[in-house]
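[1] coords below, sequence missing:
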């Protein structure tokens with residue numbers, strides 16, 4: 001299975017923050033479970049969008065208390 005994580009790992013800054021931590025941990029644990037992380041959402045079986053990621057039609061959306069602009073389909 002291929003998963004695209006948004007924001008993408010390549011988009012994250014080197015600063016420490018909640019979104020960075022969640023995306024890095026998702027990538028680490030999903031990879032350990034045999035799931036391939038891809039940067040291109042067109043190549044993914046599932047698109048996962050977290051908090052501040054710009055994503056128009058995610059299969060999965062998660063956040064950890066972000067109070068910002070709502071995601072609408």
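    Everything's here; your move. Predicted, not measured: the structure shown is a model, and the values here were computed from it. Numbering: from 1, shown residues only.

[2] any regions of this protein where pLDDT drops low?
    14-16, 52-53, 65-73 (pLDDT under 70).

[3] tell me which stretches of it form strands.
    Remark: strands assigned in the chain by DSSP state E are 2-6, 36-37, 46-50, 60-62.

[4] contacts for the shortest one?
    Counting by C-beta atoms under 8 Å, 6 or more residues apart in numbering, strand 36-37 makes contact with 1, 2, 3, 4, 5, 9, 27, 30, 31, all of which sit outside it. All C-beta spots, glycine's among them, are computed from the backbone N, C-alpha and C.

[5] now do the contacts for the fifth one.
    Read it as residue 5. By C-beta under 8 Å, 6+ apart, the neighbours of residue 5 are 23, 26, 27, 37, 48, 50.

[6] isn't the second one right up against residue 50?
    Okay, so that is residue 26. Yes - the pair residue 26 / residue 50 is scored as a contact, 7.5 Å apart, by C-beta atoms under 8 Å.

[7] that older thread, what's the closest of the contacts of residue 5 to residue 57?
    Using C-beta to C-beta, residue 48 is the member of the contacts of residue 5 that sits closest to residue 57, with 12.0 Å.

[8] pull the contacting residues for that closest one.
    Counting by C-beta under 8 Å, 6+ apart, residue 48 has contacts 3, 4, 5, 6, 26, 58, 59, 60, 61, 62.

[9] now those residues: which count as buried?
    3, 4, 5, 6, 26, 58 (16 or more other C-beta atoms under 10 Å).

[10] of all those residues, which two lie farthest apart?
    Longest span within these, C-beta to C-beta: 26 and 58, 13.2 Å.

[11] tell me the bridge partners for residue 60.
    Under the criterion DSSP bridges, residue 60 forms beta bridges with residue 48.

[12] that one and residue 47 touch, don't they?
    Yes - at 7.4 Å, residue 60 and residue 47 qualify as touching, with contact defined as C-beta under 8 Å.

[13] without its sequence neighbours, what residue ends up closest to residue 64?
    Nearest in space to residue 64, with sequence neighbours left out and distances taken as C-beta to C-beta, 6 or more residues apart in numbering, is residue 18 at 5.9 Å.
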